[in-house]
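Asker: quick one, fold the following:
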Amino acid sequence: MNLCNSSKGLSIFVCLCMCSHLYYCQIINDTYNLLNDKLANYNRKIRPTFNQSAPTEVKFGFQLVAISEFDELQEKLSVVGVIHLNWVDEMIQWNPLDYGGMYTVLTESGSFWIPNLVLTNTATKLDKIGDDWQSIRYVYNGSAYYYPLGIYTSSCSADITLYPWDIHYCVLNFTPQGHISSEMTIQTMGNKIIKDHYIENGAWTLLASKVQSSYISGYMSVDVEIVFERKPRYALVNVVLPIVFLAFLSNVVFLIPTDSGERVSYAITMLLAMAVFLTLVGDNLPKTSSPMSYLSYYLMTLLAVNICVSMATIFNLRIHHNDESVPVTGCWTKLPAYMKIACRSKEVTNKNGEDLHDQKVNNSMKVVCNSKAEMQAFDS
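Answerer: Next comes the predicted model:
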């Protein structure tokens, strides 16, 4: 029995010894030796391609995390995004069997070559994309995967004509600074941005996106276009609807009885309320003049209408309380006649095609004017 057990144990030991070369255990020394070996003659300032006459192909993708801010006055857009970069570093290639079966390694990017990308239409300081502390992953065949996360601020023209239903088109232009197309080419991973981890903004709604590469004057670049619109609910509830209600209230001043003595005070109160509210609303409106919002013109029109209503109210009361013994003179005597003619007269054409409009006006004026003096004044 013991002999049988010994034979069985020996067989298992022999099998493990025969298959031991198929199993590897990665230890910290393997990673240490790999990085030391590859960085011994590595220069991060030189493109990692043995054939320097051939371009380095870089694949580009953009992942949008959030729309941070859109400033209409300064015309700049800030987004939180991750740039996906992938290329082949021919200087970083190894045999996994020499390093404990290590097929991939993750390290900081500060000691290695990365694409020299810059945001050309930045609204802040012009700087290289990515930092030295951000990680880069290498595969044994030389494939490099680099995902720099950052806040990218670009210039973007604001069109607030339809505020608060305005739609904006902003572009982030990334260019490999200094590299011509024969040295570096950029290929997009897709024609749209990646939204796997997108966080919805409380003020803006993402409508569409587009990612495309372009070739201009020997240089490659990538344009990331973002289309977004404003969420109008806040502006409607806090700006538009109160203004509409105030405009309605200012026009009911003529329903107040004339003898109540409250018409002028009501009109002035509504005018002051509109002026004060417009001052408060102005802080919420986009402060730009190219172009201005239709809502700004609407607010100015309402203010002008309120001024006209106040003036008409005062003028109406002045006439109402005027002494009836004072005669009406001058052009005011003809105003009712012209108003009556404007309401009743129509342009009539006889069978011969002769225009009878002027004749009808004269006849109407003769009926209105009773005195001979008024008739002579009209004929003259």
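Asker: for the stretch 151-300 of the chain, just list every one of the strands.
Answerer: Secondary structure of the stretch 151-300 of the chain (DSSP state E, counting those that start in this stretch): strands located at 167-176, 184-188, 204-216, 219-230.
Asker: distance between the longest one and the chain's centre?
Answerer: Mean-position distance between strand 204-216 and its chain equals 13 Å (C-alpha atoms, centre = their mean, to the nearest Å).
Asker: would JSON lines of the strands of the stretch 151-300 of the chain with mean pLDDT be doable?
Answerer: Output for those, formatted as JSON lines (pLDDT from 0 to 100):
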{"stretch": "strand 167-176", "mean pLDDT": "93"}
{"stretch": "strand 184-188", "mean pLDDT": "91"}
{"stretch": "strand 204-216", "mean pLDDT": "91"}
{"stretch": "strand 219-230", "mean pLDDT": "92"}
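Asker: mean neighbour count for these - can I get that in JSON lines?
Answerer: The C-beta positions use only the backbone N, C-alpha and C, and glycine is treated the same way. Formatted as JSON lines, the strands of the stretch 151-300 of the chain follow (neighbours: other C-beta atoms under 10 Å):
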{"stretch": "strand 167-176", "mean neighbour count": "19"}
{"stretch": "strand 184-188", "mean neighbour count": "19"}
{"stretch": "strand 204-216", "mean neighbour count": "14"}
{"stretch": "strand 219-230", "mean neighbour count": "20"}
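Asker: neighbours of Ile194, just the number please.
Answerer: 18 (other C-beta atoms under 10 Å).
Asker: tell me the bridge partners for the spatially closest residue to it that is not a sequence neighbour.
Answerer: Spatial nearest neighbour of Ile194, chain neighbours left out: Gln63 (3.9 Å); criterion: C-beta to C-beta, 6 or more residues apart in numbering. Counting by DSSP bridges, Gln63 is bridged to Val82, Ile194.
Asker: distance of Ser310 from Val253?
Answerer: 8 Å (C-beta to C-beta, to the nearest Å).
Asker: OK, contacts around Thr269?
Answerer: Going by C-beta atoms under 8 Å, 6 or more residues apart in numbering, Thr269 touches no other residue.
Asker: swap in Asn141?
Answerer: Val88, Gln93.
Asker: against Leu77, how distant is the residue nearest the centre of the chain?
Answerer: Nearest to the mean C-alpha position of the chain, by C-alpha atoms, centre = their mean, lies His168 at 4.1 Å. Look at His168 and Leu77: by C-beta to C-beta, they are 8 Å apart.
Asker: repeat for Asn141
Answerer: Separation of Asn141 from Leu77 (C-beta to C-beta): 38 Å.
Asker: what do you get for Val326?
Answerer: Per C-beta to C-beta, Val326 is found 67 Å from Leu77.
Asker: likewise Ser325?
Answerer: 71 Å.
Asker: tell me, what's touching Ser310 and Val253 both at once?
Answerer: Ala267.
Asker: for the residue nearest to Phe174 when sequence neighbours are not counted, give the beta-bridge partners.
Answerer: Once flanking residues are discounted, Phe174 sits nearest to Val222: 4.7 Å by C-beta to C-beta, 6+ apart. Bridge pairing for Val222 (DSSP bridges) gives the partners Phe174, Ser213.
Asker: try the one 5 residues further on
Answerer: When bridges are taken as DSSP bridges, the partners of Val227 come out as Tyr169, Ala208.
Asker: understood, closing this out.
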